[in-house]
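> here is the input, now give the coordinates:
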Amino acid sequence: MPKVQGSTAGPRGSYASRRLGLAEQYLRSPALEHVERLSKLLLGDTDRLGRVFAPGKAPRRRLEMQGNGGPAGWAYVSNGRSVAVTVDYAVDPGRYDIRLTTPDGTQETLGSMRVYDERGSWTGRSEQTIENGSTIALIDASGHEVCRGTVSV
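Numbering: from 1, shown residues only. So this is what the prediction gives:
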């Protein structure tokens with residue numbers, strides 16, 4: 001997990017540090033119900049006016065990631081820009097780029113994630129607004145799409 005920068009930890013630790021610690025606990029469990037908890041934990045966000053949504057309160061969409069003819073994991077989109085991706089099955093070990101494609105064909109590499117033992121996760125933000133018809137995909141080192149999910153209402 002990346003270090004939390006710019007936070008000041010009090011005697012009980014910073015809020016962000018506690019969230020990341022809890023996320024690490026959930027990621028160690030193979031149970032799919034923890035994916036929902038992970039998205040609620042990580043996707044607290046702000047609106048255009050800077051008001052903070054508590055984790056789990058922001059508008060959120062869940063996308064099933066499909067690959068190799070079956071489910072590969074989930075992606076969550078919150079407030080049109082915050083993204084969490086998790087894979088739990090059918091993805092070979094390695095590093096994958098996370099690519100967003102909007103309905104007008106604009107592509108953005110959101111980041112990359114490493115998969116171990118068919119599991120991996122990533123959280124971050126998009127520069128593009130993620131809307132109905134957008135896709136989020138994992139791309140392998142040779143440029144092939146391994147799995148994808150499509151945003152739908």
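
> got a list of what residue 80 touches?
Residues counted as contacts of residue 80 (C-beta atoms under 8 Å, 6 or more residues apart in numbering) are 129, 130, 131. Heads up, the C-betas are built off the backbone N, CA and C, glycines and all.

> cool, residue 85 as well?
Counted by C-beta under 8 Å, 6+ apart, residue 85 has contacts 65, 73, 74, 75, 76, 98, 113, 121, 122, 123, 136, 138.

> that older thread, tell me the one of the contacts of residue 80 nearest residue 107?
For the contacts of residue 80, the closest approach to residue 107 (C-beta to C-beta) belongs to residue 130, at 12.4 Å.

> and stretch 79-93, end to end?
30 Å (C-alpha to C-alpha, to the nearest Å).

> quick one, strands of this structure?
Under the criterion DSSP state E, the chain contains strands at 45-46, 52-53, 60-67, 70-78, 82-87, 94-101, 107-115, 120-125, 135-139, 145-150.

> out of these, which is the most enclosed?
strand 82-87 (a mean of 24; mean count of other C-beta atoms under 10 Å).

> dump the C-alpha coordinates for that strand into PDB.
Below are the C-alpha coordinates for strand 82-87, written out as PDB (Å, rounded to 0.1, in the frame of the first residue of the first chain):
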ATOM      1  CA  SER A  82     -13.300   8.500  -7.900                       C
ATOM      2  CA  VAL A  83     -12.500   4.900  -8.800                       C
ATOM      3  CA  ALA A  84     -11.800   1.600  -6.900                       C
ATOM      4  CA  VAL A  85     -10.900  -1.500  -8.800                       C
ATOM      5  CA  THR A  86     -10.500  -5.000  -7.300                       C
ATOM      6  CA  VAL A  87     -10.000  -8.400  -9.000                       C
END
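
> list the neighbouring strands of that strand plus their orientation.
Using DSSP bridges, the strands paired with strand 82-87 in its sheet are strand 70-78 (antiparallel), strand 120-125 (antiparallel).
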